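1. predicted model follows, preceded by the sequence.
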Amino acid sequence: MPSILVTGANRGLGLEFVRQYAADGWRAYACCRDPGTAAELRQIAGKSGGRVSIHALSLGDPESIQALAQDLDDHPIDVLVNNAGTYGLKNFAQGGMQAQAFGSMEYDGWEHAFAINTMAPLRVIEALIGNVAKSTEKKIFTVSSSMGSIGEPPGGHLAYGSTKAAVNFVMSTLAMELRGQGITVMSLHPGWVETDMGGATAPLKPAESIAGLKQVIANASLATSGQFIGWDGNRVPW
């Protein structure tokens, strides 16, 4: 049975990742800060026949990441998805863009976004690299954003975009460093999705975005390792 680990699995894209992979019969390790409040995730787990387990994970706490690694022990992870992320201390859907503009930058929020969006994915990969290496698929992904594209910058979103550009650099570098172990590493762009972060006016539903990303993940290989791919299968400019 193939396995997937998803961070930020209590809502939005992370929840949809777990829902769709569980429906396909995968073993899913669903990680979130507070499993006790993740009602919809618990429902999915309860109907999975034990194939979906929920694990506490606070990405801002390195000790929590290490505790997850100890909890998982030597269980292989075919697909590791760093999905959890933050726009900053103020959500985009709540008007947070004004706190990320030149002249009015919320620097505390920028630091927080770097910790969660850029540093935490690397910490998770370092902690779980042994689990991925002993799996069959050997694939690692981080959900990024086209807002982190320097080739086609959208304008504004200085804090969020810079953290995604930075994690893209991390993933591109890891793709080279882990190739020798047969591990595929890629950044993913989910599109503008109707989530708590994306807001109600986003054109994509989570189910459509994740269905596309599942196909990207299935097609990923060492030949495409190091690329930045959108939910529609198209490459995104770095």
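-> Yep, that arrived.

2. now do the helices in this structure.
-> Secondary structure of the chain (DSSP state H): helices located at 12-23, 39-46, 62-72, 107-114, 120-133, 158-178, 206-219.

3. I'd like to know which elements the longest one is packed against.
-> If I follow you right, that is helix 158-178. Using 3 or more Cβ pairs under 8 Å, 6 or more residues apart in numbering; DSSP states H and E as the contact criterion, the secondary-structure elements in contact with helix 158-178 are helix 107-114, helix 120-133, strand 139-143, strand 184-189. In this view, the C-beta of every residue, glycine as well, is placed from N, C-alpha and C.

4. sorry, back to before: how about the helices of the chain in a markdown table, adding mean neighbour count, mean pLDDT and distance to Gly230?
-> Formatted as a markdown table, the entries for these read as follows, by neighbours: other Cβ atoms under 10 Å; pLDDT from 0 to 100; distance: least, Cβ to Cβ, whole Å:
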| stretch | mean neighbour count | mean pLDDT | distance to Gly230 |
| --- | --- | --- | --- |
| helix 12-23 | 23 | 98 | 13 |
| helix 39-46 | 15 | 98 | 26 |
| helix 62-72 | 15 | 98 | 28 |
| helix 107-114 | 16 | 89 | 21 |
| helix 120-133 | 20 | 98 | 18 |
| helix 158-178 | 20 | 96 | 13 |
| helix 206-219 | 19 | 97 | 8 |
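
5. distance to Ser187 added to these, as CSV?
-> Formatted as CSV, the entries for the helices of the chain read as follows, by distance: least, Cβ to Cβ, whole Å:
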stretch, distance to Ser187
helix 12-23, 14
helix 39-46, 25
helix 62-72, 20
helix 107-114, 16
helix 120-133, 10
helix 158-178, 5
helix 206-219, 11
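
6. and the ones you listed: which comes nearest Pro237?
-> If you check each of the helices of the chain against Pro237 by Cβ to Cβ, helix 158-178 wins as the nearest, at 10.5 Å.

7. what's in contact with the closest one?
-> By Cβ atoms under 8 Å, 6 or more residues apart in numbering, the list of residues contacting helix 158-178 from outside reads 87-88, 92, 99-102, 105-106, 109-110, 113-114, 116-118, 121-122, 125, 129, 140, 142, 144-145, 147-150, 153-154, 184-187, 225-226, 228, 238.

8. that older thread, same list (the helices and strands packed on helix 158-178) but as TSV, adding distance to Arg42.
-> Supplementary listing: those in TSV, determined by distance: least, Cβ to Cβ, whole Å:
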stretch	distance to Arg42
helix 107-114	27
helix 120-133	22
strand 139-143	22
strand 184-189	26
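
9. nearest to Ala39, of these?
-> strand 139-143 (22.7 Å).

10. what is the closest one packed up against?
-> Contact analysis of strand 139-143 by 3+ Cβ pairs under 8 Å, 6+ apart lists strand 79-82, helix 120-133, helix 158-178, strand 184-189 as its packing neighbours.
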